[in-house]
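Undergrad: Got a sequence here, can you model it:
(one chain, ligands or ions: 1)
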Amino acid sequence: MTRLVELEANGPRKLEPDDIDDEKGDVAVCQCGLSDDFPFCDGSHRRTRDEADGTTYVYEDGQRREVKRVVTTDDAEE
Ligand code: FES
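TA: Take a look at the predicted model:
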């Protein structure tokens, strides 16, 4: 499975000591791209647990959709 993720940041987010979770003592960085608290994990990755191998998904407006085909601008001009 893969996910199409739309991000607007164009630079790094420097982690600070205040980013450490007081209870767990660690920093959980989101790797799924779905967190509403990006770059930190907020548990949204649980929504991906039943994704199928070989399928690409997009998550938008609280919905999950399968992506059939990605069209780039080069494709659209042909
Ligand atoms: S890894 Fe993305 S929300 Fe947890």
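Undergrad: make it CA atoms for all contacts and neighbour counts henceforth
TA: Will do.
Undergrad: can you list the residues of the protein near the ligand?
TA: Residues of the chain found near the ligand (Cα under 6 Å from any ligand atom) are 30, 31, 32, 33, 34, 35, 41, 42, 43, 44, 45.
Undergrad: among these, who's most crowded?
TA: Counting neighbours by other Cα atoms under 10 Å, residue 34 leads those with 24 neighbours.
Undergrad: any idea how far residue 11 is from that residue?
TA: 18 Å (Cα to Cα, to the nearest Å).
Undergrad: Just give me how far the one helix or strand residue 58 maps to sits from the chain centre.
TA: Per DSSP states H and E, residue 58 falls inside strand 56-60. Averaging C-alpha positions (Cα atoms, centre = their mean, to the nearest Å) puts strand 56-60 9 Å from its chain's average.
Undergrad: what's next to it, contact-wise?
TA: 1, 2, 3, 4, 5, 34, 64, 65, 66, 67, 68 (Cα atoms under 8 Å, 6 or more residues apart in numbering).
Undergrad: Next one: the last one from the ligand, what distance?
TA: So the one you mean is residue 68. Distance of residue 68 to the ligand, given as Cα to the nearest ligand atom, to the nearest Å: 23 Å.
Undergrad: which residue packs closest to that residue, ignoring adjacent ones?
TA: Closest residue to residue 68 apart from its sequence neighbours, by Cα to Cα, 6 or more residues apart in numbering: residue 56 at 7.6 Å.
Undergrad: now swap in the fifth one and tell me
TA: Once flanking residues are discounted, residue 5 sits nearest to residue 33: 6.1 Å by Cα to Cα, 6+ apart.
Undergrad: where does residue 73 land on pLDDT?
TA: Reported pLDDT at residue 73 in the predicted model: 89.
Undergrad: for residue 78, that is, sorry about that
TA: pLDDT, residue 78: 66.
Undergrad: In the protein, where is pLDDT below threshold?
TA: Applying pLDDT under 70 to the chain flags residues 76, 78.
Undergrad: where's the residue nearest the centre of it relative to residue 75, distance?
TA: Nearest to the mean C-alpha position of the chain, counting by Cα atoms, centre = their mean, stands residue 33 at 1.1 Å. As judged by Cα to Cα, residue 33 and residue 75 stand 26 Å apart.
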